[in-house]
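Enquirer: let's see this in three dimensions:
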Amino acid sequence: MNRQATLFTILEPINLEKRVQGGEATTDVILSAAVGGNAEMFAEVAELHLPIGGHVADVTYGKGVFWQNIPKGHYSLQFSDIDAKVARDFNHDVAVRNNIDCRQLPFENSWLDGLVLDPPYMEGLFRRDTEHLAGSGTHSAFRDSYSSGQATPALEGEPKWHDAVTDLYIKAGREAYRVLKPGGVLITKCQDEVSANQQRLTHVEIISAYESLGFYTKDLFVLVRPNRPGISRLKTQIHARKNHSHFLVFQKIKHKISNIIHLEPSPLAIMESSSTNKSLLKIPLAGFVTLTNEAIKPAC
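Expert: Sure thing, here's the model as predicted:
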């Protein structure tokens with residue numbers, strides 16, 4: 001009898017209260033799309049994804065528009081560019097290093113908590129004749145921010161037109177993977193474009209390439225320009241005029257989820273390829289015409 005009483009005393013009472021979920025109802029959240037400018041959207045991207053106090057490098061600083069709304073002291077900052085437009089960011093009291101190529105950075109392996117990449121994403125800025133460079137007229141501000149005004153040298157075997165844009169992003173992404181710590185964040189800005197009358201979805205190319213490097217695609221933001229773009233010489237419109245760009249957020253972490261889908265060629269595609277004496281394996285994928293599987297492996 002005493003033993004039975006002892007067994008009952010060590011049992012804890014069952015909690016029959018209903019579990020209450022935490023959090024609160026609100027609409028005060030960071031959204032994935034907005035109409036506005038780079039400074040406003042980048043401030044929200046940074047708030048959500050860059051760790052306060054972390055080592056962060058903007059390796060394509062330009063004129064520093066991204067950092068206009070970032071409070072001083074939030075991050076330990078490194079600014080650089082291959083053709084720096086200014087010598088110093090006075091809002092953050094940080095020097096801007098010149099002649100630093102985003103594809104070959106002066107940082108040790110696994111050193112940065114965050115990296116910001118915003119290279120020229122208009123194929124017209126990679127042309128081999130200054131008279132044919134894009135960015136005249138209403139696009140002069142874009143050209144002033146993203147280009148040195150110099151033609152791109154014609155090198156044997158190097159990609160051109162839009163493929164030169166993709167090639168730059170891929171090489172810079174591989175370097176970013178090298179210098180970021182495990183868990184580090186890469187924020188890159190890009191815009192889709194029509195090149196040689198062909199639709200090129202740059203953000204899709206970048207996501208595919210960066211995931212093959214080992215990055216996890218953590219977030220995507222769409223920035224819509226507040227004014228309507230103009231066209232100086234329109235004959236017949238074939239594609240919708242681009243009036244939005246993307247901020248893509250990647251993280252250097254191990255993950256099992258991928259946005260890359262591999263499909264086997266259909267029998268019809270194989271037959272059509274054979275009838276034209278072309279091998280499917282020889283058809284270059286958009287954005288990878290100069291890169292082999294070896295070239296897009298992680299650097300570390």
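
Enquirer: okay, now the nearest residue to residue 180 once chain neighbours are set aside: neighbour count?
Expert: Distances taken as C-beta to C-beta, 6 or more residues apart in numbering place residue 252 nearest to residue 180, at 4.7 Å, with adjacent residues excluded. For every residue, glycine as well, the C-beta is placed using N, CA and C. Residues near residue 252, counting by other C-beta atoms under 10 Å, number 25.

Enquirer: identify the residues contacting residue 252.
Expert: By C-beta atoms under 8 Å, 6 or more residues apart in numbering, the contact set of residue 252 is 177, 180-186, 214-216.

Enquirer: same check on residue 247?
Expert: Applying C-beta under 8 Å, 6+ apart, the residues contacting residue 247 are 41-42, 45, 187-189, 220-221, 223.

Enquirer: try it again at 6 Å.
Expert: Residues near residue 247 by C-beta atoms under 6 Å, 6 or more residues apart in numbering: 45, 189, 221.

Enquirer: so which of the residues you listed comes closest to residue 34?
Expert: Closest approach between the contacts of residue 247 and residue 34, by C-beta to C-beta: residue 221, at 7.8 Å.

Enquirer: could you point out which element follows the strand or helix carrying the closest one?
Expert: Assigned by DSSP states H and E, residue 221 belongs to strand 216-224. Remark: after strand 216-224, the chain's next helix or strand is strand 244-251, criterion DSSP H and E.

Enquirer: in this protein, which residue is closest to the centre?
Expert: Centroid check for the chain by C-alpha atoms, centre = their mean gives residue 188 as the closest residue, at 2.7 Å.

Enquirer: now do the closest residue to residue 63 other than its chain neighbours: how many residues are near it, please.
Expert: Excluding the flanking residues, the one nearest residue 63 by C-beta to C-beta, 6+ apart is residue 85, at 4.9 Å. Around residue 85 there are 15 other residues, counting by other C-beta under 10 Å.

Enquirer: and the gap between residue 85 and residue 69?
Expert: Using C-beta to C-beta, to the nearest Å, one obtains 19 Å as the distance from residue 85 to residue 69.

Enquirer: ok, residue 184 next?
Expert: From residue 184 to residue 69 the distance is 22 Å (C-beta to C-beta).

Enquirer: pretty sure the residue nearest to residue 63 contacts residue 61?
Expert: No: using C-beta atoms under 6 Å, residue 85 is not in contact with residue 61, being 7.9 Å away.

Enquirer: between these two, what contacts are shared?
Expert: By C-beta under 6 Å, 6+ apart, no residue touches both residue 85 and residue 61.

Enquirer: all helices for this structure, in order.
Expert: Ranges of helices within the chain are 2-9, 38-49, 140-146, 162-179, 202-213, 267-275, based on DSSP state H.

Enquirer: pick out the shakiest of those helices, pLDDT-wise.
Expert: When the helices of the chain are compared by mean pLDDT, helix 140-146 comes last with a mean of 48.

Enquirer: in space, what's closest to residue 220 - neighbours in sequence excluded?
Expert: With C-beta to C-beta, 6+ apart, the residue lying closest to residue 220 is residue 248, at 5.7 Å.

Enquirer: and for that neighbour, the neighbour number?
Expert: Other residues within reach of residue 248, judged by other C-beta under 10 Å, total 23.
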